[in-house]
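**Q** Quick one, what's the 3D model for this:
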Amino acid sequence: MWNETVFFEAMKIVGLCVMWYSSSASGNIVGKMLLTDFPYPMTVTMVQLISISVYLTPLLRLKSVSTSSGHVASIPRNYYMKMIIPLAMGKFLASVSSHVSIWKVSVSYAHTVKATLPLFTVILSRILLGVKQTMYIYVSLLPIIGGVVIATVTELSFDIIGLFSALFSTMGFSLMTIFSKKCLKDTGMHHMRLLVMLARWSALCFFPIWFTYDVRRILINLDTVRA
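**A** Down below sits the predicted model:
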């Protein structure tokens, strides 16, 4: 009985990982096609964040997860400013960097670089939280480093901006993984509720920058095309 339970739990984890990688790869392929014809990664990020808030909120209500501000009010203001807002800003920056990377380099290379996520997570967890890993964990990271080095050397469409954008995005998502887990533990908030909150605050915080930078460029290009 115990072995069956462990087996089904393992299969559930494997299934979730396969779904996550498949959806991530599909999203990046579509993103590459979009950014090739519409080179505005900040706008794509804004649409993504707004979509999360719009589409996920009804789902939370169906799952009876609170979407009201009552739970937010129960979070101390200093914790809110110290944790929630920085996470929201990090989400936006990491998402923009991710879109820049798939815009500048091939999707396969961007995914290869993003495979360094465990490396960043282990290093940052050690530095920020003092979490130590076993020697087996550290050794298992070596093939990841080697694979990224080989991919970088042999990449035909190499772009330095694309490389650093992918690395920055990976580091950003690694930091978000670490501190989101801490936030969920500290507040007891539902993980989907946190995702909606971060998406809303990300869009709100960076709306002025997006409007000033990307909207202006889009309008200029539209005027140029019409002329």
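
**Q** Past the lowest-mean-pLDDT helix or strand in the chain, which element shows up next along the chain?
**A** Ranking every helix and strand in the chain by mean pLDDT, DSSP states H and E puts helix 70-73 at the bottom, with a mean of 52. Using DSSP states H and E, the helix or strand that follows helix 70-73 in sequence is helix 77-79.

**Q** Following the chain past that next one, name the next helix or strand.
**A** By DSSP H and E, the next helix or strand past helix 77-79 is helix 85-104.

**Q** CA-only coordinates of that following helix, as PDB, when you get a sec.
**A** Output of helix 85-104 as PDB, limited to C-alpha atoms (Å, rounded to 0.1, in the frame of the first residue of the first chain):
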ATOM      1  CA  ILE A  85       6.100  44.600  -3.800                       C
ATOM      2  CA  PRO A  86       9.800  43.400  -4.400                       C
ATOM      3  CA  LEU A  87       8.400  40.100  -5.600                       C
ATOM      4  CA  ALA A  88       6.100  41.800  -8.000                       C
ATOM      5  CA  MET A  89       8.900  44.000  -9.400                       C
ATOM      6  CA  GLY A  90      11.100  40.900  -9.700                       C
ATOM      7  CA  LYS A  91       8.300  39.100 -11.600                       C
ATOM      8  CA  PHE A  92       8.100  41.900 -14.100                       C
ATOM      9  CA  LEU A  93      11.800  42.200 -14.700                       C
ATOM     10  CA  ALA A  94      12.300  38.400 -14.900                       C
ATOM     11  CA  SER A  95       9.400  38.100 -17.400                       C
ATOM     12  CA  VAL A  96      10.600  41.000 -19.600                       C
ATOM     13  CA  SER A  97      14.200  39.500 -19.600                       C
ATOM     14  CA  SER A  98      12.700  36.100 -20.500                       C
ATOM     15  CA  HIS A  99      10.900  37.600 -23.500                       C
ATOM     16  CA  VAL A 100      14.000  39.500 -24.600                       C
ATOM     17  CA  SER A 101      16.000  36.300 -24.500                       C
ATOM     18  CA  ILE A 102      13.600  34.400 -26.800                       C
ATOM     19  CA  TRP A 103      13.400  37.400 -29.000                       C
ATOM     20  CA  LYS A 104      17.200  37.700 -29.400                       C
END
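
**Q** From the contact counts, what lies against the helix or strand that it is followed by?
**A** Going down the chain from helix 85-104, the next helix or strand is helix 107-114, by DSSP H and E. Under the contact criterion of 3 or more Cβ pairs under 8 Å, 6 or more residues apart in numbering; DSSP states H and E, helix 107-114 touches helix 2-37, helix 85-104, helix 142-154, helix 160-187. All C-beta spots, glycine's among them, are computed from the backbone N, C-alpha and C.

**Q** what angle separates the third one from helix 160-187?
**A** Between the direction of helix 142-154 and that of helix 160-187, the angle (axes from the mean of the first three to the mean of the last three Cα atoms, to 10 degrees) works out to 150 degrees.

**Q** In helix 142-154, which residues are buried?
**A** V148, A151 (16 or more other Cβ atoms under 10 Å).

**Q** measure S26 to K32 for me?
**A** 11 Å (Cβ to Cβ, to the nearest Å).
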